[in-house]
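[1] Following is a predicted model, sequence given first.
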Amino acid sequence: MYPDVEIHTKDVVDWVTSTYLERTGKIFRDPDRGIRSLYQRGFLQKIAKGIYKYDPQYAQNKQQQDFTIAQKKEILKRDGYKCVICGAGRENGVELHVDHIKPKDMGGLATIENGQTLCSQHNFLKKNLRQTETGKKMFIRLYQYFGHKKRGTKKLFIG
C-alpha cells in the first residue's frame, strides 16, 4: 500500500474492504483481524495502538526473527529439555516449544537470551495472556497449591 507511512487502522479498513471486494467480488468480513494477522506474521510494524507501518525492509527481514535449529538446540539444552514454568519434559509426554520471551510481534529478536523452553500448554497460555500475566497466574496457582497442600485440599494445576 504505502511503504514507510504510519497509518491508523480506521483509515485502512475502508480501503482494504473496497479493494478486496473489487479484486475478489467478495466482502471482507473482518479487516481488523486481517491487519492484526499481517502484523503478527511480520509484514507490518506496530507503531502504537491501532497504528501500523509497512516497511518493505522489515517485511523482508522477518525470517531473521525465527530461531535457527542450532539456537533451538542450545535453548533446549540450557533449559534442561523442560518447560521453564512447570518442569515437564518429553518424558512426561508433553511437546516442547522454543519460545520468544519478548514476542516477535513486539520486536523480540531471535537470540539465545530471548529464548525459553515451554510445554505446549504454557506456550499457548503465554500467547493468549502474555509473559507477565502467565507468570502471575502461575504464582497464584503455586501459592494456592502450597497454601492448601498442608490441608490436602487442592491439587496443582497450572493453566
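    Nice, thanks for sending it over. Numbering: from 1, shown residues only.
[2] which residues in this protein form strands?
    Shown for the chain, the strands assigned by DSSP state E span residues 6-8, 45-48, 51-53, 96-100, 115-119.
[3] most tightly surrounded among these?
    Stretch with highest mean neighbour count among the strands of the chain: strand 115-119 (a mean of 23; mean count of other C-beta atoms under 10 Å). Every residue, glycine included, has its C-beta placed from N, CA and C.
[4] May I ask which helix or strand of the protein has the lowest mean pLDDT?
    Among the helices and strands of the chain, helix 56-60 carries the lowest confidence by mean pLDDT, DSSP states H and E, at a mean of 65.
[5] how close does the residue nearest the centre of the chain get to Trp15?
    Centroid check for the chain by C-alpha atoms, centre = their mean gives Lys127 as the closest residue, at 4.4 Å. As for Lys127, its distance to Trp15 is 29 Å (criterion: C-beta to C-beta, to the nearest Å).
[6] Output the strands of the chain as a markdown table; include the columns distance to Asp66 and mean pLDDT.
    Formatted as a markdown table, the entries for these read as follows, by distance: least, C-beta to C-beta, whole Å; pLDDT from 0 to 100:
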| stretch | distance to Asp66 | mean pLDDT |
| --- | --- | --- |
| strand 6-8 | 26 | 80 |
| strand 45-48 | 17 | 81 |
| strand 51-53 | 21 | 83 |
| strand 96-100 | 9 | 94 |
| strand 115-119 | 11 | 93 |
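[7] which one of those strands lies closest to Gly87?
    With respect to Gly87, and counting by C-beta to C-beta, the nearest of those is strand 115-119 at 9.1 Å.
[8] For that closest one, which helices and strands make contact with it?
    Under the contact criterion of 3 or more C-beta pairs under 8 Å, 6 or more residues apart in numbering; DSSP states H and E, strand 115-119 touches helix 69-78, strand 96-100.
[9] Report all helices and strands that the shortest one contacts.
    When you say that, I think you mean strand 96-100. For strand 96-100, the elements it packs on are helix 69-78, strand 115-119, helix 120-149, judged by 3+ C-beta pairs under 8 Å, 6+ apart.
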